[in-house]
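Enquirer: Got a predicted structure plus its sequence, pasted below:
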Amino acid sequence: MTDFPISPELLNIYLEEARAHLEGLDHALLALEREGLDPEVVAGIMGPLHTLKGNSGMMGFTGIKDYVHRLEDVFVRVGEGAVTLSRPLFDRLFAGASALRDAVEQACRQRGEVRSLEGERSVLDALLRETAPGLPSALIAPPPTLPAVPSAVPASPSLDSSAPPAEYISTHSSMVRVDFAQLDHLLNLVGELIIHRTKLHELGRELAERMGGRESAELLSAVHQVASVSAQLQETVMDIRMLPIRHVFERFPRLIRDLSRQQGKDIELILEGEGTRIDKAIIDEIGEPLVHMIRNSVDHGIETPAVRVARGKTPTGTILLSAMQESNHVLITIMDDGSGIDAAAVRRKAVDRGLLKADETLPDRELLQLIFSQGFSTAETVSDLSGRGVGLDVVLKSIERLNGLVEVETVPGVGTKFIIQLPLTLAIISALLIEVSDRTYAVPLGSVVESLKFRPADVHSINGRDTLRIRDRIVPLVRLDAFFGLRAAPEEARYAVVLGRGDKRVGLVVNRLRGQQEVVIKALDPAVSGIAFALAGATIMGDGRVVLILDVAAFFEGRRQALAHGRSRPALAGGS
């Protein structure tokens with residue numbers, strides 16, 4: 001078993017996938033035995049075998065991994081025509097497949113390898129030696145005598161038998177493999193149901209007010225029952241899509257081990273909040289950004305043991321990877337106790353790259369955000385891990401694509417902390433509905449700090465930008481009517497919807513607030529979505545109107561000064 005703790009849940013996932021790969025192996029052997037050599041069949045089984053080998057190595061099942069590796073080599077020779085397909089060969093391959101299945105099942109039950117595959121592997125080794133390049137293909141000789149098996153280990157099945165154990169036929173599974181596209185389709189149907197549920201509720205209320213009497217009471221009762229059942233259905237579908245972030249976190253102990261040895265460092269990885277649940281769509285996308293950030297902490301953050309001791313630290317560095325739910329968001333923290341980020345070095349590199357003018361001043365917090373610029377790196381030399389300026393810019397793009405944000409905090413000599421904020425789900429969100437020039441838009445509620453009413457006299461111009469003083473803070477304003485090129489509303493009392501991103505604030509000027517509502521996100525064509533148009537998607541209201549959802553990240557994009565000034569943009573169709 002691996003030196004790193006593996007959860008029962010991950011073990012079950014490994015077992016379910018291994019069973020599927022072994023089914024594919026059986027089908028491939030049957031097809032080859034029945035139809036003869038078929039390059040497509042051989043090529044088709046190589047992928048599942050490679051995945052099974054990698055997964056077994058990750059779980060620490062080295063005996064299984066090595067056997068599958070030999071099996072891959074055999075299939076390569078089969079595909080090359082270097083092996084004569086014969087009944088004795090298939091007997092041995094089927095026997096090996098049965099032994100492999102037995103080893104996998106026992107390893108998962110005992111949480112460690114108890115079934116030796118040495119004998120089966122020696123058969124494959126002999127086969128590979130006999131079919132080495134340059135030697136004629138020949139019928140495989142009888143297998144060598146197997147080594148004695150310790151009494152604590154169940155004896156291997158006979159190599160002359162290809163019959164799987166009876167338990168294999170009657171194996172029960174508590175998991176069902178479902179294509180994620182089907183879940184997406186189901187969620188879309190639930191979204192349509194929610195839309196019509198809202199419409200049905202409004203119609204039922206209107207009819208009840210007109211009709212009165214017992215019939216109206218029964219109608220309202222039926223509407224409420226439909227609403228209750230549809231709400232439970234929505235929660236169930238969303239819960240199916242939610243997975244513990246453990247599925248991502250458990251990949252990193254091995255990565256830290258390998259990278260620390262490669263770098264000559266001692267690093268301890270601490271995982272917290274692995275049970276935090278998040279949408280599978282986000283689970284699938286967050287792995288790559290986290291890999292870049294972990295690599296960054298190992299290479300740039302944690303010092304070598306000698307340097308750490310000289311600085312009065314323990315020789316072993318620490319990286320904390322944690323997750324926690326906060327409202328309708330998940331916060332992922334990557335924190336190390338390394339050397340921190342040198343703001344002066346970041347500034348020098350930014351000036352060299354033309355991101356800053358030599359006489360321009362920025363607060364350290366904003367200066368540190370420049371490390372997310374494309375091609376930015378403070379490393380003096382290029383290594384296997386870093387130095388090419390590829391990494392953190394990928395992180396930022398990936399996180400923003402998930403409607404999230406990332407911030408960095410550092411104390412030189414003490415350490416660095418990256419904070420990633422992500423929505424729990426990308427499918428259904430709580431939104432604040434706002435009205436601008438008789439058009440309705442939706443703002444993700446998780447990014448709304450507060451909303452308040454103000455008068456035109458409360459607005460002040462600072463360096464050509466409209467601002468509003470909220471308590472002791474100056475908040476820049478964005479006039480959405482001007483931004484979207486809409487007809488300007490009369491200068492009457494308006495509302496400011498204050499958005500937050502880290503410690504930054506920006507206020508959206510709107511005509512009125514329409515309330516909160518859960519909305520189903522519908523994707524827009526890439527030509528009219530994203531930061532360039534400040535649109536994250538659209539939703540359909542109960543009355544059939546299409547409402548555009550604002551992309552909050554766009555209003556904090558520092559390079560788009562036109563947005564901060566509220567300059568006129570071409571009007572966009574949509575926004576009911």
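Expert: Now that the structure is in, tell me what you want to look at.

Enquirer: Determine the longest helix present in this protein.
Expert: helix 180-211 (DSSP state H).

Enquirer: Which SSE is immediately downstream of it?
Expert: Note on helix 180-211: by DSSP states H and E, the next helix or strand toward the C-terminus is helix 213-241.

Enquirer: Quick check: buried residues in the longest helix of the chain?
Expert: For helix 180-211, the neighbour count (16 or more other C-beta atoms under 10 Å) marks 183, 186-187, 190-191, 193-195, 197-198, 200-201, 204, 208 as buried. From N, CA and C alone the C-beta is placed, and that goes for glycine too.

Enquirer: got the angle for that helix vs helix 213-241?
Expert: Orientation check (axes from the mean of the first three to the mean of the last three C-alpha atoms, to 10 degrees): helix 180-211 against helix 213-241 gives 160 degrees.

Enquirer: what distance separates helix 180-211 from the centre of its chain?
Expert: 30 Å (C-alpha atoms, centre = their mean, to the nearest Å).

Enquirer: Tell me the one of the buried residues of helix 180-211 nearest Leu432?
Expert: Thr198 (16.5 Å; C-beta to C-beta).

Enquirer: For Ile245, see how far away the closest one is.
Expert: The span separating Thr198 from Ile245 equals 32 Å under the rule C-beta to C-beta, to the nearest Å.

Enquirer: Then Phe372?
Expert: 22 Å.

Enquirer: With neighbour numbers in mind, choose between those two.
Expert: Taking other C-beta atoms under 10 Å, Phe372 and Ile245 do not tie; Ile245 has more neighbours (27 against 19).

Enquirer: For Lys313, give me its contacts.
Expert: Residues near Lys313 by C-beta atoms under 8 Å, 6 or more residues apart in numbering: 303, 337.

Enquirer: Check Glu17 too.
Expert: Per C-beta under 8 Å, 6+ apart, neighbours of Glu17: 51-52, 55.

Enquirer: Show me what the residue nearest to Asp458 when sequence neighbours are not counted is bridged to.
Expert: Once flanking residues are discounted, Asp458 sits nearest to Leu468: 6.1 Å by C-beta to C-beta, 6 or more residues apart in numbering. With DSSP bridges as the criterion, Leu468 is bridged to Val459, Val475.

Enquirer: Setting aside sequence neighbours, what's the nearest residue to Val248?
Expert: Gly287 (5.3 Å).

Enquirer: re earlier: now the buried residues of helix 180-211 in TSV, with distance to Asp337 and pLDDT?
Expert: Conversion of the buried residues of helix 180-211 to TSV gives the following (distance: C-beta to C-beta, whole Å; pLDDT from 0 to 100):
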residue	distance to Asp337	pLDDT
Leu183	40	80
Leu186	45	84
Leu187	42	78
Val190	45	80
Gly191	45	74
Leu193	50	81
Ile194	47	75
Ile195	50	72
Arg197	51	78
Thr198	51	74
Leu200	57	82
His201	54	79
Gly204	60	81
Ala208	64	78
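
Enquirer: What segments of the stretch 251-400 of the chain are helices?
Expert: Taking DSSP state H, counting those that start in this stretch as the criterion, the stretch 251-400 of the chain contains helices spanning 252-263, 280-296, 305-310, 343-352, 364-368, 392-401.

Enquirer: so who does the closest residue to Leu259 other than its chain neighbours touch?
Expert: Distance criterion C-beta to C-beta, 6+ apart; nearest residue to Leu259, sequence neighbours excluded, is Val298 at 4.7 Å. By C-beta under 8 Å, 6+ apart, Val298 lies in contact with 256, 259-260, 263, 265, 267, 319, 385.

Enquirer: so Met324 touches Thr276, yeah?
Expert: Yes: counting by C-beta atoms under 8 Å, Met324 touches Thr276, with 6.1 Å between them.

Enquirer: is it true that Ser430 lies in a strand?
Expert: Yes: the assignment for Ser430 (DSSP: H, G, I helix; E, B strand; the rest coil) places it in a strand.

Enquirer: Could you pull up the contacting residues of it?
Expert: 328, 444-446, 516-519.

Enquirer: Now render those residues as JSON lines, adding distance to Gln110, pLDDT and neighbour count.
Expert: Formatted as JSON lines, the contacts of Ser430 follow (distance: C-beta to C-beta, whole Å; pLDDT from 0 to 100; neighbours: other C-beta atoms under 10 Å):
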{"residue": "Asn328", "distance to Gln110": "41", "pLDDT": "69", "neighbour count": "13"}
{"residue": "Pro444", "distance to Gln110": "47", "pLDDT": "86", "neighbour count": "22"}
{"residue": "Leu445", "distance to Gln110": "48", "pLDDT": "84", "neighbour count": "17"}
{"residue": "Gly446", "distance to Gln110": "44", "pLDDT": "77", "neighbour count": "21"}
{"residue": "Gln516", "distance to Gln110": "52", "pLDDT": "87", "neighbour count": "13"}
{"residue": "Gln517", "distance to Gln110": "52", "pLDDT": "81", "neighbour count": "18"}
{"residue": "Glu518", "distance to Gln110": "46", "pLDDT": "77", "neighbour count": "15"}
{"residue": "Val519", "distance to Gln110": "49", "pLDDT": "80", "neighbour count": "24"}
